[in-house]
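In: mind folding the following:
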Amino acid sequence: MTPTFIDLQLAEVGGRDSCDSGGRVSSAIDIDCNLEDVRLLDSYEDAYNDHNAGKSRKKGQEKGGVTRIQVRVTGMTCAACSNSVEGALMSLKGVVSASVALLQNKADVVFDPNLVNRDDIRNAIEDAGFEAEILQDQGTKHGNSHGTLVGQFIIGGMTCAACVNSIEGILRKLPGVKKAVVALATSLGEVEYDPSITSKDEIINAIEDAGFEGSLAQSSGQDRIMLRITGISNQLDEHTLDGILCNLKGVREFDYNKITSEVDVLFDTEILAPRDLVDAIHKESGGNFEVHVKNPYARMVNQNLEESSQMWRHFLFSLFFGIPIFVMGFICPHIPFLNSILLSWIGPFQIGDWLRVIFASLIQFIIGKRFYVAAFRALRNGATNMDVLVALGTSAAYFYSVYALLYGAFTRFWITTYFETSPMLITFVLFGKYLETIAKGKTSDAIKKLVELAPSTALLLLIDKDGNVIGEREIDSLLIQPGDTLKIVPGSKVPVDGYVVSGSSYVNESMVTGESAPVLKEMNALVIGGTINLHGSLHVKATKIGSDTVLSQIISLVETAQMSKAPIQKFADFVASIFVPTVVTLSLTTFIVWYFSGIFGVYPQDWVPANGSIFEFSLMFSISVVVVACPCALGLATPTAVMVATGVGANNGVLIKGGDALERAQKIRFVIFDKTGTLTQSKAAVTNVKVFTDMDRGEFLTLVASAEVYSEHPLAKAICNYARHYHFFEDPTVDDSQIGTVDEKMTGWLLDTDDFCAIPGRGLVCNVNEKQILVGNRALLVENGVTIPTDVEDFVVDLEENAKTGVLVAYDSELIGVVGVADPVKREAPIVVEGLFKMGVRSIMVTGDNWRTARAIADECGIQDVRAEVMPAGKAEVIRSFQKNGSTVAMVGDGINDSPALAAADVGMAIGCGTDIAIETADYVLMRSSLEDVITAIDLSRKTFARIRLNYAFAMVYNIVAIPSAAGMLFPWFKIMLPPWVAGACMALSSVTVVCSSLLLRRYRKPRLTTILEIT
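Out: This is a model prediction of the structure:
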């Protein structure tokens, strides 16, 4: 069934096409422009390549009327290139300064927009011979530009880094494409594009025109769903389904696949919900059709299985026809009966020759067609890859053998043929690719495991208008809608994020957060999709579904991190771009040297095999050089290791946002810790309350809590909790029965406030009863003209010397009291600080708290270097002071006020329970909120890049040794000659070895602190 379009009659659709009698649109409409904005995390290649050079710089309009921008420069290979770009930029009138970073492929340009514009800058770089792209401003949130979509495309047929470079280059040249990142290890490409300029079909066509297979895996739109229909047995059923979908309001397009019984439906979520769509199909079919939603990730897994299965079938086909050729060439000559049959003549050729030609041709042009097609399209686009080498090597052996056979038929002078070389070479290459596909599939096991955490079905409670449960129904978990009430029975998984509305139970959240201890969930407690309910039954109201759930965000984050490129991979990309031309040149050189050396008698004739010629002897060396060279090993060295590392990190509760962050973390020399919520437990509790006026204690607490209730600071929450506890459990004048609702009990007793203002690093200001109240530190009160008496100062000093924070309260310009708050240090903090010291990493504490409290906390943690009374912007300055000598600095924080410092640091690490802004800004997210994971993050990074260096060493050593050996450099002394089929086997196994080397990272275990501290 071809795709069917429905007449939408929507204003936003470009053009309203009229329907025919069947209700179908006569011409296709562009439906992609109506998809929702992307919810997948943005590709981190652009974001994190920008991280080092400009994370802390302020973008946009600078002082003096100049503007600072960053430009991605593609094509630079050495320092001379970067100097050339700098020179071109500085020659522009209006450019104040230009700095080009070769490693990051970026140019940082400060210019006067009145004299020169961004297009002039880009054109200047392009005129210098490089590609230029103006990067998004640093200060903006990493996300999708307005009006753009992000699509993930499955790309089949990629074999090496050259393929990746070719596809990325083609996609980025398409009009409307903002970004394009291709990952070899996952066979995925993520493209951000403007659907009003280009469509997904045009992107797929571009991929296919480049010589690869392309299909859409998923997009940012939530209005496309893949359904599997059971119960369709004949053409009448197909027409029934067609009629149901055509007449269903809100369906825009659908495409039914007869072979898989799957229908791809595009629908308007404002009109039709997914569950309503499924129910409508089931109902309108009279219950004959059973409908199941297909998970988009399941399709990607199936694609991997299909790719490996197809590669296995091709290998078996090649092996089936290759074995007879091998037997005829190496075994039959030793069996007189079989040999006599093969030597029998039929026409101009022997039977053995006929069989060799037939079998070799089947393999060369049926199985080997994929190499010819891929090589042709790569060359057509000005690129080269491994397929070019395989096609050259096999073609040289095959067509020379055909020539030798025809030459013998006409001249009756028979020369040696090499029909076994091409089939055996293709067979070994396919076997290697099959093993490589299997191994690459294992690198994405982390995502598969995360996907499997979510249950496939859920129990939906049917509730009447009065809120009473009247029944339950099992539905597909992908059909859950916000506001649904779900029943979670003991032992089952929570399908989506939500909160408990009824019941009590312990939930195991270790698979998501890494925290092993079960967590008690009672009324109003939040639950996370993918976690396991252990004992009691829970009723949960769904709040977040689909890509908004924590589990989906983790999956997207890990997936996007695996898509990103570490800077170290640029070396492999460069080598890949010149690898094939270099190898072809070496192959031709090898042939020329051996051939003319033989012609001029440089080596003895007995080196040439019997019944052979100098031409054949030289040709075999040349073919071996072509097929033994392997660019794939270099291309896979980094992405496979990064994939495994990000997956291992996720399994250990450490989310890594990209290969760039992973690479920087291995170089960390300083770790700067925030105090509250990072080194401390963020479980602040009020320990002292002292009123210095005649005000009643309860009245004082009510006044303070009324101001603090609007603050998100942990100390504010502690004060509010203490005040509430004081009123409802200690103050006999307050009767619980007088409080009507839960909300009233929480906030109904508070006073009305207005003009609330939180001042970072100081405290807060607001008005209560038309009088100003100040709650904060000394600086806040002094700046507002409030005098601090000596007895109050002494009381606060005593609190601070005991690692407590003194919160001063002034009302109507008079200091009325002090609240002492203590936040205990995390029990692992001292051990982690010592462990980091043993790893060569120095710890520093930076806090906005006063010096006495800061020193007391630091002494408890074992930290020597303390920076106190630092404003949020000052934290970033502290980080930059450590970066001046080139050191790599990490920042660990959890709050909104830590965001500037997290952005300024080379590596930002956000505590998982921290604010969304902190998590968004950071490079690492520590899901367990344990400081031990700081050590895990650094240790995993170091081990990953040790493995990457080993991979590169192997790939380089392999090519350095294999190519000269194949060229015959050892032949004069050791008579070692590498036959082409052996060379092909070596090439195939080299890339498999690199992938298997990366897979060893799956055995990674978190470092034991006792081992780091050398405690036996």
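In: which residues sit in contact with Gly530?
Out: Applying C-beta atoms under 8 Å, 6 or more residues apart in numbering, we find Gly530 in contact with Leu450, Leu453, Ala454, Lys493, Val494, Met511, Val512, Thr549, Val550, Leu551. For glycine as for every other residue, the C-beta is placed from the backbone atoms N, C-alpha and C.
In: gap between the third one and Thr582?
Out: This points to Ala454. From Ala454 across to Thr582, the span is 48 Å (C-beta to C-beta, to the nearest Å).
In: neighbour-wise, which of these two wins?
Out: When Ala454 and Thr582 are compared for neighbours, Ala454 comes out ahead with 21 against 15, by other C-beta atoms under 10 Å.
In: per-residue confidence for the more buried one?
Out: Turning to Ala454, the model gives it a pLDDT of 79.
In: just checking, it touches Val550?
Out: No. Between Ala454 and Val550 there is no contact, the gap being 10.9 Å when judged by C-beta atoms under 8 Å.
In: which neighbours do those two have in common?
Out: Gly529, Gly530.
In: what strand or helix carries the residue nearest to Asp923 when sequence neighbours are not counted?
Out: Nearest in space to Asp923, with sequence neighbours left out and distances taken as C-beta to C-beta, 6 or more residues apart in numbering, is Ala661 at 3.6 Å. For Ala661, the enclosing helix or strand under DSSP states H and E is helix 659-665.
In: alpha carbons of that helix, in CSV - could you do that?
Out: Provided in CSV are the C-alpha atoms of helix 659-665 (Å, rounded to 0.1, in the frame of the first residue of the first chain):
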residue,chain,number,x,y,z
GLY,A,659,33.4,12.4,23.9
ASP,A,660,34.8,15.9,24.2
ALA,A,661,33.9,15.9,27.9
LEU,A,662,35.2,12.4,28.3
GLU,A,663,38.6,13.5,26.8
ARG,A,664,38.9,16.6,29.0
ALA,A,665,38.1,14.7,32.2
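In: I'd like the average pLDDT over it.
Out: Per-residue pLDDT over helix 659-665 has a mean of 86.
In: which other helices and strands contact that helix?
Out: Counting contacts by 3 or more C-beta pairs under 8 Å, 6 or more residues apart in numbering; DSSP states H and E, the secondary-structure elements packed against helix 659-665 are helix 44-49, helix 51-54, helix 550-563, helix 632-651, strand 907-911, helix 932-966.
In: ranges for the helices of the stretch 601-750 of the chain?
Out: Counting by DSSP state H, counting those that start in this stretch, the stretch 601-750 of the chain has helices at residues 614-628, 632-651, 659-665, 697-708, 714-725, 742-743.
In: worst mean pLDDT among those helices?
Out: Ranked by mean pLDDT, those end with helix 742-743 at the bottom, a mean of 38.
In: I'd like to know which elements the helix or strand just after that helix is packed against.
Out: Along the chain past helix 742-743, the next helix or strand (assigned with DSSP H and E) turns out to be strand 753-759. Using 3+ C-beta pairs under 8 Å, 6+ apart as the contact criterion, the elements in contact with strand 753-759 are helix 697-708, strand 763-768.
In: which residues does Leu534 contact?
Out: Per C-beta under 8 Å, 6+ apart, neighbours of Leu534: Pro490, Gly491, Ser505, Tyr506, Val507, Asn508, Pro518.
In: now tabulate the contacts of Gly530 in JSON lines and tack on distance to Glu522.
Out: Putting the contacts of Gly530 into JSON lines (distance: C-beta to C-beta, whole Å) gives the following:
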{"residue": "Leu450", "distance to Glu522": "27"}
{"residue": "Leu453", "distance to Glu522": "23"}
{"residue": "Ala454", "distance to Glu522": "24"}
{"residue": "Lys493", "distance to Glu522": "19"}
{"residue": "Val494", "distance to Glu522": "15"}
{"residue": "Met511", "distance to Glu522": "21"}
{"residue": "Val512", "distance to Glu522": "19"}
{"residue": "Thr549", "distance to Glu522": "21"}
{"residue": "Val550", "distance to Glu522": "20"}
{"residue": "Leu551", "distance to Glu522": "22"}
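In: pLDDT of stretch 922-931, averaged?
Out: When pLDDT is averaged along stretch 922-931, the result is 82.
In: first-to-last residue distance for it?
Out: 15 Å (C-alpha to C-alpha, to the nearest Å).
In: equivalent analysis for stretch 839-854, please.
Out: Start-to-end, stretch 839-854 (C-alpha to C-alpha) is 25 Å.
In: quick check: buried residues in it?
Out: When neighbours are counted by 16 or more other C-beta atoms under 10 Å, the buried residues of stretch 839-854 are found to be 841-850, 852-854.
In: nearest to Gly87, of the helices of the stretch 601-750 of the chain?
Out: The closest approach between Gly87 and any of the helices of the stretch 601-750 of the chain, judged by C-beta to C-beta, belongs to helix 659-665 at 27.7 Å.
In: so the closest residue to Thr640 other than its chain neighbours, which of the three states?
Out: Using C-beta to C-beta, 6+ apart and skipping residues adjacent in sequence, the residue nearest Thr640 is Ser998, 3.9 Å away. Assigned state for Ser998: helix (three-state reduction, DSSP: H, G, I helix; E, B strand; the rest coil).
In: Ser998 contacts Ala641, correct?
Out: Yes. Distance between Ser998 and Ala641: 4.3 Å, which falls inside the contact criterion (C-beta under 8 Å).
In: list the residues that contact both of these two?
Out: Shared between the contact lists of Ser998 and Ala641 (criterion: C-beta under 8 Å, 6+ apart) are residues Arg947, Asn951.
In: with neighbour numbers in mind, choose between those two.
Out: For Ser998 and Ala641, the more surrounded residue by other C-beta under 10 Å is Ala641, and the numbers stand at 33 against 29.
In: packing partners of the helix or strand containing Glu800?
Out: Element membership for Glu800 (DSSP H and E) is helix 790-801. Contact analysis of helix 790-801 by 3+ C-beta pairs under 8 Å, 6+ apart lists strand 805-811, strand 814-822, helix 851-861 as its packing neighbours.
In: for the next helix or strand after the second one, give the mean pLDDT please.
Out: Which is strand 814-822. Scanning forward in sequence from strand 814-822 by DSSP H and E, the next helix or strand is helix 829-838. Mean per-residue pLDDT for helix 829-838: 90.
In: I'd like to know which elements helix 829-838 is packed against.
Out: On a contact count with 3+ C-beta pairs under 8 Å, 6+ apart, helix 829-838 meets strand 842-846, helix 851-861, helix 932-966, helix 1009-1012.
In: pull the distance from that helix to the chain's centre.
Out: Centroid separation for helix 829-838 versus its chain: 30 Å, with C-alpha atoms, centre = their mean, to the nearest Å.
In: about what we covered before: export the helices and strands packed on helix 659-665 to JSON lines and tack on distance to Val982?
Out: Written out in JSON lines, the entries for these read as follows (distance: least, C-beta to C-beta, whole Å):
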{"stretch": "helix 44-49", "distance to Val982": "39"}
{"stretch": "helix 51-54", "distance to Val982": "45"}
{"stretch": "helix 550-563", "distance to Val982": "35"}
{"stretch": "helix 632-651", "distance to Val982": "17"}
{"stretch": "strand 907-911", "distance to Val982": "46"}
{"stretch": "helix 932-966", "distance to Val982": "9"}
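In: with neighbour count, secondary structure and distance to Lys875 as added columns, please give the contacts of Leu534 in CSV.
Out: Putting the contacts of Leu534 into CSV (neighbours: other C-beta atoms under 10 Å; DSSP: H, G, I helix; E, B strand; the rest coil; distance: C-beta to C-beta, whole Å) gives the following:
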residue, neighbour count, secondary structure, distance to Lys875
Pro490, 13, coil, 46
Gly491, 9, coil, 46
Ser505, 21, strand, 41
Tyr506, 16, strand, 38
Val507, 23, strand, 36
Asn508, 17, strand, 36
Pro518, 17, coil, 36
